[in-house]
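> here's a sequence, model it:
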Amino acid sequence: MMECTKVDTSDPQQSPSEEDVFEITDFTTATDFERFTSRFEQLLLEWQVNIDRPASPRLADGAFCTENFQTTDEILLFANFKFVVTRHQLELPGALAESNASSFVNEGETKEDVKKFSSGPSYFRALEELMSTGNEFSFRSHCLVRWFGHSDFLTIRPFDENALLTDSQRRLVLSAVSVAVNNTAAHIPVFLQLQKKWQRFYYGLCETGKTVTDYEMIHLRRPPNPQFKYLAELLTMFKDKIGSPAPLQTPVLVSARFQYTMREIGDMGDDDDDEDDNKDVVTGRSDSSDDPLMQIPFGAVSSRISEMHLASVWLDLSEDVIVDTESHTDLNPLTALQWRMKIKSVEEPLCRLALVLSEFLRMSQRPDSVEDALATLNLGEVDDEFIIPSGGPSRSTPPQKSMFHISRLVLSRRRIQRIVDFMFPIRADLELPPSCQMQQVSVKACPDGSFLARLAPILASVLQYQSGLGLVAHIWSEIVAVIRARWETNQWIPYVEHVSSPNFGTCLLHQKLQLLNCCIHRARERAVVARRGGSSPLEGASSGSKKAKGGGGALSSGEEDEFYDCFEEAEAEGRSRELPNHKLVSCNRPLYVPVTQEPTPMTEDVLAEQADLMTQLGSDTFGSHMRARLQSASLLSDMEAFKAANPGCELADFVRWYSPRDWILEEGESEGSVHGSLSPRMEIEGSIWQETWKTAKPVPVKRQKRLFDDTKEALKVIGYLEKLKPGSLLRQLVPVLCLQAIRKIEAVPDSLSLSDQMKRALELLSQSSRQGGPYHEVLALIYEAEARITLARSVLEKVGAADEATKAFVAKLVDEKEVEVPGGPSGSVGQRFRPIFFPQMNHLPEPDGKEYLLRTRAPRPSATSRTTPQRMFCTITNMPMSSAMSTYSPMDMLRQRQREDEERRQGTTNGDRRLTSWDSRRRSRSPSSQDSRRRRARSGDRGRSEDRGRKRSRGRSEEKSRSKSKKRKKSKKKKSKKSKKRSSSSSSSSESSEEEQKQKEHEFLKRIEMERVKALEEKRRRKEALKANETPEEKRI
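Coordinates of the predicted model:
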């Protein structure tokens, strides 16, 4: 509010030079409290938390676990202190169930009566949710949702997570919140965080019409009375806290949850079960090869399970039908209504496939050459099982073609030969079946089952035995030596497609192998023609097909590079077939299709080099001429073959066969007619077509120089393979190995829901393989999937033989935080997990944690008041006890019962001493204690005044009075010292006892850890001793 007053300058008493002046009095918000309250009110109105929702539908069962909570944050300032206001709201459209409008209508009332009463509880979801069922003990949502069951609420917390509110700040903020909620008629609860965030300590309120709900919490390090750990005493405390003046109309509904934890999870490492690691993760069958070097490692190094939790749940039981005391309890986990399970996995587990891929990727960045890598290989770096002294070359390496020193080849010749036999088997059909060819076209790798697809797992396994490139270079050198030998004997490279040109959709190394097979194919074709009696190696070349024809290094001759002049009157040579309905322009003879050379196959790196060369030639006259000469090599060969097959032909005849679109027919003429003309680009004088036609001579293909020299190209490919660095080899095989890993994971049943994750991994792998990396995101997805699979395997191995229902349950258990066990303890799944948590049926262990939820309705504060919901959630664990209550009473009955119990027990333990001192402070604030302090103070004052009067009356000397005052001071000091000593001794005794308890716990945990380490060390020593005592025959087996 503002008040404005106008001052009239026409008044003669005022100065005429003064102008009109408006005096403004500001009555708007001026204090920090008012500004915070006003801003909080605006925020509540913006979020529309004051809208009534009549006939609110009930939430579906399990909605808090299946639906998501939306959060909206806003920062508010209280003076210079920042607060974060957050609204937590459940996404209701998918979580609503049938309408439950009359759930809180009292007896004798109708819905119309409730509507007339504006504060009727059925209008407000907050009151309904305090008593709603179906969402008890939710595990995915905020802790306040678990404790109070609200789907829409606000939280206020300090912006700094380490900041703590003082008592005055807490009272001011709560007052401001109460004023703002009352002014705006907000109908959702508001909670203020009183301690640090991890402590989860809140105080809240909610005003719904004329009903006010208080949300209170208390955390205790240990229960003040052991009976508070059981339901009977909690029910008494709950009813005392309600303090209803009339008896409860309905019994208290009790829901309980007992949690049992299994922490002694057995190891599932490689050392204990090597054979299981060689089996397929899905089918359980072993791979086709029994050699571990030829298998993709998969699985976790040790057990993935850190803890297994089982929760026994009882829902909505009347307090009259159950008993839960220290001596007897009806809450038996084996007869619980529900079982819920969750598992806690090891953080950052070691998974073999992810480790191999990471090592594979890391070693691919090494710049070492083959010679440098072999120089690092020595006998001490590799297991004895894989090494024998290399006294000579292996059978797979021809002595004259060995690229490296034999003394450096330290891998076992037997194992090398097994790898070579695996890569080059002796079989008739070594070509990939059509089902494997180009099965994967998006990733730039190689087809499944191809040569490189078999090589990648071998090198991945090798890296497990030696952290270096020595063994990789050793194996690759042997393989390249065999490839050279197969080229010289015209033998196919196995598991590589027979194509006329390399496929640019595969990796460069696979393209090189495809090109080498093209060279071998042409060499074999020339050899067949030569054996048939013809001295012309290109006699069998075909013009119509795209099959690769050519020669090999063993059959090349000097005549292939010579040109022969053909005279005009020479006979036609190199005809393939007659072109139907086509005649020569100059004469009426048929037009024949010549036998031509096939296009030159090349890999993508050669094509890129040619493109760079064309670009470097520039755009001047000389560059354009040279570029045209390079591009017209194939055109010249085709023109010479055409002239040899069609003596007396013209350029127009060649164009009609070679490029029909450049022959423009006259009107009314059909295809093949000689009546027409060349296109303008063909008639340009000095064009590449005109110049090439003039220089072309009638030379059949059998006497032409080969456009593709298979011998030369094959030697280039082999030289590339020999000079290929081990790091570059691994870098080209990274997408191959990643693709195999994805294929292996995709074979897992869909119950683990890995299809979308692997689809994303394939998309990233496709991008990375074409860009040359990076592969870190792909490896992260593979690692996550492998971790989930191995976690499921760990659980199944703990259970033993499992049926389909158990496997489906385990898959769901891996994907979700907490899963309900089908059929509870009596179901087939529960029967399999029962021995894990309860090995001794006659002696059930104590639960590691208890949770009780108590709910009822009661009229408060008077017997004529409307019945309102009352709720208390209590958590009891080995950690501090906590309780959360929503009530309508300012009394704190829990603290009162604590004081009464402490007075009876007189405080015997450390916790009792702490509570007793706290009670004494509380009692000192009572009126009786205050009166006693006042009486003691008045009597002390009277005593001191009488002493001073007696001193004056006696008329003692100044020296005596000083001496006596000094004595009194000394005595007072002594007394104060004695009292301080007593207080310090009491506090130090309590502190020392706490320190001793902590020290004992620390020593106990340390002793357990030392015993575990000793057991593992003893286990390792036994295994080493067994290995040392094995005979060579046992090692071989």
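> from here on, contacts and neighbour counts on C-alpha atoms
Noted.
> where's residue 298 relative to residue 455, distance?
Residue 298 sits at a distance of 17 Å from residue 455 (criterion: CA to CA, to the nearest Å).
> what does residue 584 give?
Distance check for residue 584 against residue 455: by CA to CA, it reads 56 Å.
> and residue 447, by the same measure?
The gap separating residue 447 from residue 455 is 13 Å, by CA to CA.
> the more surrounded of the two?
Between residue 447 and residue 455, counting by other CA atoms under 10 Å, residue 447 is the more crowded of the two (25 against 21).
> sec struct for that one, please.
Taken by DSSP: H, G, I helix; E, B strand; the rest coil, the conformation at residue 447 corresponds to coil.
> in stretch 748-762, which residues are buried?
Neighbour-count burial for stretch 748-762, counted by 16 or more other CA atoms under 10 Å, picks out 748, 752, 754-755, 758, 761-762.
> out of the helices and strands in this structure, which is least certain?
Of all regular secondary-structure elements in the chain, judged by mean pLDDT, DSSP states H and E, the least confident is helix 910-924 with a mean of 32.
> who does the longest strand that the chain contains pair up with?
Residue-count comparison of every strand in the chain, with assignments taken from DSSP state E, identifies strand 305-318 as the longest. Within its sheet, and counting by DSSP bridges, strand 305-318 is paired with strand 253-262 (antiparallel), strand 338-345 (antiparallel).
> give me the residues contacting it.
Contact with strand 305-318 is made by 133, 251-265, 331, 333, 336-346, 791, 794-795, 837, as judged by CA atoms under 8 Å, 6 or more residues apart in numbering.
> just the buried ones from those, in PyMOL syntax?
Selection command for PyMOL covering only the buried members of those, criterion 16+ other CA under 10 Å:
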select buried, resi 133+252+253+254+255+256+257+258+259+260+261+262+265+331+333+336+337+338+339+340+341+342+343+345+791+794+795+837
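> hang on, the earlier thing: same list (the strands paired with strand 305-318) but as CSV, adding mean pLDDT.
As requested, those are arranged in CSV below (pLDDT from 0 to 100):
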stretch, mean pLDDT
strand 253-262, 91
strand 338-345, 88
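> dump these to TSV, plus distance to residue 247.
Supplementary listing: these in TSV, determined by distance: least, CA to CA, whole Å:
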stretch	distance to residue 247
strand 253-262	15
strand 338-345	32
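> stretch 665-680: end-to-end distance?
Distance across stretch 665-680, first residue to last, is 13 Å (CA to CA).
> can you map out the strands along the stretch 701-850 of the chain?
Secondary structure of the stretch 701-850 of the chain, counting by DSSP state E, counting those that start in this stretch: strands at 819-820, 849-859.
> out of those strands, nearest to residue 83?
Shortest distance between residue 83 and the strands of the stretch 701-850 of the chain, using CA to CA, is found for strand 849-859: 31.2 Å.
> still on that earlier bit, among the strands paired with strand 305-318, which is nearest residue 833?
Among the strands paired with strand 305-318, strand 338-345 comes nearest to residue 833, with 9.8 Å by CA to CA.
> got the domain ranges for this protein?
The chain breaks down into these structural domains: 28-220, 368-529+712-724, 564-704 (assignment by automatic domain parsing).
> kind regards, and thank you for your time.
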